[in-house]
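J.: predicted model and sequence below, questions to follow.
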Amino acid sequence: MAKIAVLHFLFLLLSFSICIAAKIYQPISDSHRSLASDLFTSTDSSFPSLEAAYEALRVFEVLEIEKKTQVSTTSCPKVLENLGSSSPLKDLYYALKVNAILKCKVDAVVLKDVASRLKATVKDASTLLDIYYSIGSLVFIKNQDSNVDVLLADADAAFHSIKALSQSDGRWRYSSDNPESSTYAAGLAFETLAGVISLASSEIGQSKVNTVKSDISKLFDTIEKYDDGTFYFDEKFVDGHEHQGSLSTTTSVVRGVTAFAASISGKINLPRDKILGLAKFILGIGIPGDAKDLFNQVESLAFLESNRISIPLILSLPETVYSLTKKDQLKVRVTTALGSAAPPLTVKLVRAFSSGAKDSAIIESKELRYDQKSGLHVLDSFPKNVDVGAYVFVFEIVLLDSDSKKDYATGGQLHVPIYVTGIIEASNAEIAILDSDLGSVETRKTLDLAGNDVVSLSANHLQKLRFSFQLTTPHGHVFKPHQAFFKLRHETKVEHIFVVENTNKKFEIVLDFLGLVEKLFYLSGKYDIELTVGDAVMNSFLRLLGHVELDFPEAPEKAARPPPAAVDPYSRYGPKAEIAHIFRVPEKRPLQNLSLTFTGLILLPFVGFLIGLLRLGVNLKNFPSSTVPATFAILFQLGVGAVLLLYVLFWLKLDLFTTLKTLGFLGVFLLFVGHSTLSHLASTSAKLKSA
């Protein structure tokens with residue numbers, strides 16, 4: 001038995017790994033850390049704002065990247081500048097957030113002045129954003145300097161002013177003047193309420209806390225869902241505020257809900273599958289290429305990692321394609337969304353079944369071995385009944401501690417598509433020419449599909465061609481690929497493709513040329529024979545088997561003609577055919593001497609005009625003597641000369657439109673200067689007559 005040459009094996013492994021990986025949620029990895037270093041350190045010397053600087057610092061802090069010193073050299077002066085001046089609330093807020101990480105040397109007196117201003121703002125604030133920035137800033141001052149008085153004397157009033165902006169569906173308005181509600185604003189409101197609770201000088205009433213819990217539950221009732229079990233929040237409010245995408249909206253809600261849960265004594269009861277679904281949605285983004293998206297991804301996962309509701313655990317597989325030939329081991333990893341170690345647990349393989357037979361399990365209730373060194377849960381070997389093919393493995397995470405069961409969300413059973421591959425062996429390949437009437441074999445040849453040998457056959461329209469082969473898996477079972485095609489390609493490039501059917505334990509195709517003469521367009525000659533076998537889990541191949549010389553009768557008049565040859569789509573970009581153009585033979589022209597004589601005759605009247613002026617004498621007695629009238633008179637004469645010159649240029653080179661355009665300007669000029677000159681002459685003549 002011969003092994004098929006591995007032509008597309010690596011390509012198939014790569015392509016199907018990508019397709020399957022889209023359904024497996026991988027936790028934060030070194031790829032995210034590398035991206036964070038590239039995105040943020042490329043601009044760390046000049047962040048456009050403190051908000052951008054904080055996003056970089058927060059990502060570095062969560063992912064444990066040592067880049068804080070590089071950011072502090074440029075950010076600390078901006079922090080001190082904003083805290084020492086009457087900066088907008090948003091700038092103060094991000095200055096304090098940056099300072100919480102960098103620990104810049106801020107004077108306690110400055111913090112007291114800022115706190116006093118912020119407390120006054122809380123009393124008079126009318127919008128959610130003003131309250132959000134003020135309360136958030138006071139919380140950061142409280143955490144940075146315990147000696148500064150940041151407690152709210154009337155926390156109930158602040159709580160009420162925020163709660164007054166809530167809606168019945170759990171969403172929030174940005175202000176009382178705007179009736180539109182926002183999911184993103186709800187996240188800001190929950191975070192602000194958490195800050196009010198931590199800044200309250202006296203305990204907030206439990207009834208108010210329960211009301212907010214109810215709002216959170218209502219908001220989670222409106223959560224969006226995908227078919228794969230991922231959950232996310234989407235923004236519906238656009239008018240008046242910048243539109244927030246699904247990731248930033250989800251991040252706002254996660255940050256707000258987890259912050260509120262951390263500020264109260266009790267626990268918020270939310271469905272664990274939705275908490276896990278939020279983590280899957282955030283991880284499902286993969287590795288974002290935008291700094292803002294990376295910050296939102298890391299920020300939301302960091303809050304889910306430490307929340308008091310339930311911490312999601314992520315089951316991931318380093319690989320989803322396994323080779324029986326190489327005896328690969330199935331490995332499973334369970335971590336938090338940020339890749340931290342999970343609590344004590346076991347991974348149970350509940351069952352496994354073929355993709356085409358869900359009711360027939362090939363593996364049931366098997367616990368994976370935990371490898372303490374690698375931190376992976378391992379299936380040492382696949383059972384004998386797992387052959388080459390596509391399967392679905394059902395895993396379940398079983399927590400060992402009772403406390404862990406309260407704190408972590410596992411998501412129940414997880415269905416993971418698995419591809420088991422292996423070298424498929426081809427054997428008993430045979431091609432034969434049969435007699436059409438008796439079915440007797442006239443020519444039979446065996447083929448080695450792993451080799452390079454080809455066969456040469458000949459047949460006429462009264463004969464048949466039969467081709468057969470077998471495929472077996474590494475366990476010796478018959479393998480049925482997704483596709484097996486037998487192709488005949490005529491020397492004129494006309495192709496015909498036939499499906500090779502599976503019969504019992506082998507693949508076989510019989511071509512009756514008498515019934516195919518019309519489909520083959522009665523084209524006699526040489527046909528190349530190709531075999532294509534492909535499947536997602538095998539080493540697919542395309543093999544030239546040889547050629548067959550077919551002798552067909554002449555085509556009837558009404559027989560179908562072969563299709564025209566395919567046009568190369570890139571041919572239109574090639575060089576075009578040269579265009580040969582023959583110009584008309586120019587008409588005969590008169591002799592040069594005759595043309596010059598005619599030109600002289602045309603100019604003769606002009607010469608006579610000049611001689612006549614000289615004979616009659618030019619009268620210059622009435623030419624103005626004053627400066628201004630004389631100037632107009634000279635300009636008039638020059639204008640007349642310009643018109644004559646324009647006529648000459650029109651005769652020599654100018655076109656009609658250019659000449660008329662120029663003549664229009666000269667006409668207006670002559671009208672003006674001529675009128676002035678004639679007016680002066682008329683006035684002078686009138687004075688002489690009166691005298």
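T.: Structure received.
J.: okay, now the unreliable bits of the stretch 201-350 of the chain?
T.: 237-242 (pLDDT under 70).
J.: how long is stretch 140-150 end to end?
T.: Criterion C-alpha to C-alpha, to the nearest Å; first-to-last residue distance in stretch 140-150 is 10 Å.
J.: next one: stretch 565-579
T.: Start-to-end, stretch 565-579 (C-alpha to C-alpha) is 25 Å.
J.: give me the contacts around it.
T.: Stretch 565-579 is touched from outside by 492-493, with contacts defined as C-beta atoms under 8 Å, 6 or more residues apart in numbering. For every residue, glycine as well, the C-beta is placed using N, CA and C.
J.: any idea how far the biggest helix by length in the chain is from the chain center?
T.: Selection of the longest helix in the chain by residue count, based on DSSP state H, yields helix 656-690. In terms of C-alpha atoms, centre = their mean, to the nearest Å, the centre of helix 656-690 is set 72 Å apart from its chain centre.
J.: same check, this time on stretch 223-241
T.: 19 Å.
J.: identify the residues contacting it?
T.: By C-beta under 8 Å, 6+ apart, the list of residues contacting stretch 223-241 reads 23, 171, 174, 178, 180-185, 219, 243-246, 248-250, 252-253, 273-274, 276-278, 280-281, 284, 411.
J.: show me which of these are buried.
T.: 171, 174, 178, 180-185, 219, 244, 246, 248-250, 252-253, 273-274, 276-278, 280-281, 284, 411 (16 or more other C-beta atoms under 10 Å).
J.: next step: those restricted to helices.
T.: Reading helices off those with DSSP H, I get 183-185, 219, 246, 248-250, 252-253, 273-274, 276-278, 280-281, 284.
J.: in stretch 660-677, what counts as buried?
T.: Those would be 662-663, 669-670, 673-674, 676-677, for stretch 660-677 by 16+ other C-beta under 10 Å.
J.: including distance to residue 477, could those go into JSON lines?
T.: Shown next, in JSON lines, are these (distance: C-beta to C-beta, whole Å):
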{"residue": "662", "distance to residue 477": "95"}
{"residue": "663", "distance to residue 477": "99"}
{"residue": "669", "distance to residue 477": "103"}
{"residue": "670", "distance to residue 477": "107"}
{"residue": "673", "distance to residue 477": "110"}
{"residue": "674", "distance to residue 477": "112"}
{"residue": "676", "distance to residue 477": "113"}
{"residue": "677", "distance to residue 477": "116"}
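J.: could I get those residues as TSV with distance to residue 47 and pLDDT?
T.: Listed next are the buried residues of stretch 660-677 as TSV, based on distance: C-beta to C-beta, whole Å; pLDDT from 0 to 100:
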residue	distance to residue 47	pLDDT
662	62	92
663	66	92
669	65	92
670	70	91
673	69	90
674	73	89
676	71	88
677	75	86
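J.: now, which of those residues sits nearest residue 361?
T.: Nearest to residue 361, judged by C-beta to C-beta, of the buried residues of stretch 660-677 is residue 662 at 96.8 Å.
J.: hang on, that closest one packs against residue 646?
T.: Yes - judged on C-beta atoms under 8 Å, residue 662 makes contact with residue 646 at a distance of 5.8 Å.
J.: hey, what's in contact with both of those two?
T.: residue 654.
J.: the helix or strand where residue 142 lies packs against which elements?
T.: Element membership for residue 142, per DSSP states H and E: helix 128-144. Where contact means 3 or more C-beta pairs under 8 Å, 6 or more residues apart in numbering; DSSP states H and E, helix 128-144 is packed against helix 89-102, helix 108-124, helix 155-163, helix 183-199.
J.: now the angle from it to helix 155-163?
T.: 140 degrees (axes from the mean of the first three to the mean of the last three C-alpha atoms, to 10 degrees).
J.: quick one, helix 128-144 and helix 183-199 angle?
T.: Using the same axes, to 10 degrees: helix 128-144 against helix 183-199 is 40 degrees.
J.: buried residues in helix 128-144, which are they?
T.: 128-142, 144.
J.: count of neighbours near residue 628?
T.: Residue 628: 10 surrounding residues under other C-beta atoms under 10 Å.
J.: and it, what does it touch?
T.: Per C-beta under 8 Å, 6+ apart, neighbours of residue 628: none.
J.: what residue, apart from its backbone neighbours, is nearest residue 122 spatially?
T.: residue 134 (4.9 Å; C-beta to C-beta, 6 or more residues apart in numbering).
J.: actually residue 142, not the one I typed
T.: Closest to residue 142 by C-beta to C-beta, 6+ apart is residue 150, at 4.7 Å.
J.: do the same with residue 640
T.: residue 670 (7.0 Å).
J.: please identify the buried residues of stretch 324-338?
T.: 324, 328, 330-338.
J.: quick check: end-to-end length of that stretch?
T.: 32 Å.
J.: go on, stretch 124-132?
T.: For stretch 124-132, the end-to-end distance is 13 Å (C-alpha to C-alpha).
J.: quick one: average pLDDT of that stretch?
T.: In this model, stretch 124-132 has a mean pLDDT of 92.
J.: thinking again about what came up before, reformat the buried residues of stretch 324-338 as JSON lines; add secondary structure and distance to residue 155.
T.: As requested, these are arranged in JSON lines below (DSSP: H, G, I helix; E, B strand; the rest coil; distance: C-beta to C-beta, whole Å):
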{"residue": "324", "secondary structure": "coil", "distance to residue 155": "66"}
{"residue": "328", "secondary structure": "coil", "distance to residue 155": "60"}
{"residue": "330", "secondary structure": "strand", "distance to residue 155": "55"}
{"residue": "331", "secondary structure": "strand", "distance to residue 155": "52"}
{"residue": "332", "secondary structure": "strand", "distance to residue 155": "48"}
{"residue": "333", "secondary structure": "strand", "distance to residue 155": "45"}
{"residue": "334", "secondary structure": "strand", "distance to residue 155": "42"}
{"residue": "335", "secondary structure": "strand", "distance to residue 155": "39"}
{"residue": "336", "secondary structure": "strand", "distance to residue 155": "34"}
{"residue": "337", "secondary structure": "coil", "distance to residue 155": "33"}
{"residue": "338", "secondary structure": "coil", "distance to residue 155": "33"}
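J.: turn the residues you listed into a markdown table, including distance to residue 650.
T.: Shown next, in a markdown table, are the buried residues of stretch 324-338 (distance: C-beta to C-beta, whole Å):
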| residue | distance to residue 650 |
| --- | --- |
| 324 | 93 |
| 328 | 91 |
| 330 | 93 |
| 331 | 92 |
| 332 | 93 |
| 333 | 90 |
| 334 | 93 |
| 335 | 90 |
| 336 | 90 |
| 337 | 85 |
| 338 | 85 |
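J.: and residue 247, how close does it get to residue 101?
T.: Residue 247 is 22 Å from residue 101, where distance means C-beta to C-beta, to the nearest Å.
J.: more neighbours: the two, which one.
T.: residue 247 (21 against 18).
J.: domain ranges for the protein, per the record?
T.: Taking the TED database as the reference, the chain has its domains at 152-310, 314-418, 425-555, 628-683.
J.: of these, which is nearest residue 76?
T.: Among the domains of the chain, if distance is taken as C-beta to C-beta, the winner is domain 152-310, at 20.3 Å.
J.: strands of the stretch 401-550 of the chain, start to end?
T.: Along the stretch 401-550 of the chain, counting by DSSP state E, counting those that start in this stretch, strands occupy 408-409, 413-421, 425-435, 441-447, 455-460, 463-472, 483-490, 495-499, 501-503, 506-512, 525-534, 541-551.
J.: going by mean pLDDT, which of these comes out lowest?
T.: Of all these, strand 501-503 has the smallest average pLDDT, which comes to a mean of 88.
J.: re earlier: ok, so of the buried residues of helix 128-144, who is nearest residue 167?
T.: For those, the nearest to residue 167 is residue 128 (12.2 Å; C-beta to C-beta).
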